[in-house]
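# Provided below are the primary sequence and the corresponding predicted coordinates.
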Amino acid sequence: AGNVTGMTSIGRDISRQLAIEKISQESQSRSARQQYALLEISRSHSLHKGNPKQIWEFTTEKASKVLNVARASIWLYSEDRQKLVCEDLFEADKNLHAACGDLQAKNYTGYFSALRDSRVISADSEQTDPRTSEFTDTCLKPVGITSMLDATIRVGEQDIGVLCLEHIGKQRQWTLDEQKFAGSVADLLSLAMEVQRHHEAKETLKRSQQMLMLHMQQTSVGMIEWDKNFHVMEWNNAAEQIFGYTKEEALGRHACDLIVPESAKPHVNAIWQELLK
């Protein structure tokens with residue numbers, strides 16, 4: 001008669017699907033923050049200018065913020081590789097950078113061994129993980145550190161240091177993307193070390209060239225530099241006195257025209273061609 005007397009219904013529980021979607025969204029958001037941080041580090045002027053102190057501080061701050069860890073630090077091996085020296089420690093709660101001494105290999109043999117064997121050390125329970133438990137009484141309990149994520153800094157085939165990320169509070173299980181992020185940050189630090197060495201090499205070369213030029217101008221020996229076409233590129237004061245041409249007159253001219261007698265030019269040219277070969 002047109003009256004509703006009941007109903008039928010089919011339902012589907014989507015709580016698990018919603019939980020998966022939430023995890024997926026959180027993962028995507030976390031990944032986006034990580035990628036943006038890596039981009040910022042790679043574009044840092046400090047990295048490209050070879051300023052280690054500034055890049056250390058910039059990197060530890062970024063890593064601490066993105067992974068939401070209490071402490072982020074950078075350690076480099078000593079020349080004899082018997083200790084790790086702290087270059088920078090960033091404490092998020094204090095917003096403070098500091099150095100924190102060194103770690104002797106003889107006191108932490110398990111940890112140093114793990115660094116040699118692993119690209120990343122992911123210690124969810126730092127105080128019970130055999131790779132990091134040596135730190136329990138000296139470093140972990142006094143500060144309250146419960147989980148640690150370390151990534152080795154490698155230049156070429158050699159490990160030169162480690163990026164250390166420390167979590168305080170409830171034990172934390174490091175996700176795969178967080179481990180990859182730590183490794184990528186360590187790779188950028190490796191690049192910073194390469195840039196620093198490049199700048200140091202350039203400065204050393206510059207000083208050597210300056211000393212050479214000073215010697216060239218002060219020596220009583222005539223010193224002449226030419227290119228592979230034997231055009232004069234450098235002509236010192238002594239060469240001016242010996243051959244009678246000023247530096248301005250000599251630059252760019254063929255060396256044979258200035259210092260070789262006409263009768264000897266064919267023989268000298270033949271010798272130079274043999275040297276070029």
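Yep, it's here.
# what about the helices in the stretch 151-277 of the chain?
Assigned by DSSP state H, counting those that start in this stretch, the helices in the stretch 151-277 of the chain fall at 176-218, 237-243, 247-250, 255-259, 265-276.
# any regions of the stretch 151-277 of the chain where pLDDT drops low?
Along the stretch 151-277 of the chain, no part satisfies pLDDT under 70.
# hmm, 80 instead?
Applying pLDDT under 80 to the stretch 151-277 of the chain picks out residues 156-157, 195-200.
# what's the closest non-adjacent residue to Ala239?
The spatially closest residue to Ala239, leaving aside those adjacent along the chain, is Gly222, at 4.0 Å (Cβ to Cβ, 6 or more residues apart in numbering). To be clear about C-beta, it is placed using only N, CA and C from the backbone, and glycine gets the same treatment.
# just to revisit the earlier point, distance to Glu79 added to the helices of the stretch 151-277 of the chain, as TSV?
Converted to TSV, these look like this (distance: least, Cβ to Cβ, whole Å):
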stretch	distance to Glu79
helix 176-218	14
helix 237-243	43
helix 247-250	45
helix 255-259	46
helix 265-276	41
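# can you get me a residue count around the nearest residue to Gln171 once chain neighbours are set aside?
Distance criterion Cβ to Cβ, 6+ apart; nearest residue to Gln171, sequence neighbours excluded, is Thr146 at 4.9 Å. Around Thr146 there are 20 other residues, counting by other Cβ atoms under 10 Å.
# re the thing from before, closest one to Thr136 among the helices of the stretch 151-277 of the chain?
Thr136 lies closest to helix 176-218 among the helices of the stretch 151-277 of the chain, at 21.7 Å (Cβ to Cβ).
# elements contacting the closest one?
Secondary-structure packing of helix 176-218 (3 or more Cβ pairs under 8 Å, 6 or more residues apart in numbering; DSSP states H and E): helix 15-43, helix 45-49, helix 52-67, strand 120-123, strand 145-155, strand 158-168.
# worst average pLDDT in those?
Lowest mean pLDDT within those: helix 45-49, at a mean of 65.
# the helices and strands packed on helix 176-218 into JSON lines, with extra columns for distance to Arg197?
Listed next are the helices and strands packed on helix 176-218 as JSON lines, based on distance: least, Cβ to Cβ, whole Å:
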{"stretch": "helix 15-43", "distance to Arg197": "18"}
{"stretch": "helix 45-49", "distance to Arg197": "13"}
{"stretch": "helix 52-67", "distance to Arg197": "10"}
{"stretch": "strand 120-123", "distance to Arg197": "24"}
{"stretch": "strand 145-155", "distance to Arg197": "8"}
{"stretch": "strand 158-168", "distance to Arg197": "10"}
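# and of these, who's closest to Met216?
Of those, the one closest to Met216 (Cβ to Cβ) turns out to be helix 45-49, at 30.9 Å.
# what sits against Lys170?
Taking Cβ atoms under 8 Å, 6 or more residues apart in numbering as the contact definition, Lys170 lies against Thr146.
# and it, backbone torsions?
phi -60, psi 140 (degrees, to the nearest 10).
# could you dump the helices of the stretch 151-277 of the chain to JSON lines with distance to Cys86 and mean neighbour count?
Formatted as JSON lines, those follow (distance: least, Cβ to Cβ, whole Å; neighbours: other Cβ atoms under 10 Å):
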{"stretch": "helix 176-218", "distance to Cys86": "14", "mean neighbour count": "15"}
{"stretch": "helix 237-243", "distance to Cys86": "52", "mean neighbour count": "16"}
{"stretch": "helix 247-250", "distance to Cys86": "53", "mean neighbour count": "15"}
{"stretch": "helix 255-259", "distance to Cys86": "57", "mean neighbour count": "17"}
{"stretch": "helix 265-276", "distance to Cys86": "54", "mean neighbour count": "11"}
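# and the ones you listed: which comes nearest Trp56?
Going by Cβ to Cβ, the one of the helices of the stretch 151-277 of the chain nearest Trp56 is helix 176-218, 8.1 Å.
# tally of neighbours for Lys106?
8.
# meant to ask about Ile153
Count around Ile153 with other Cβ under 10 Å applied: 23.
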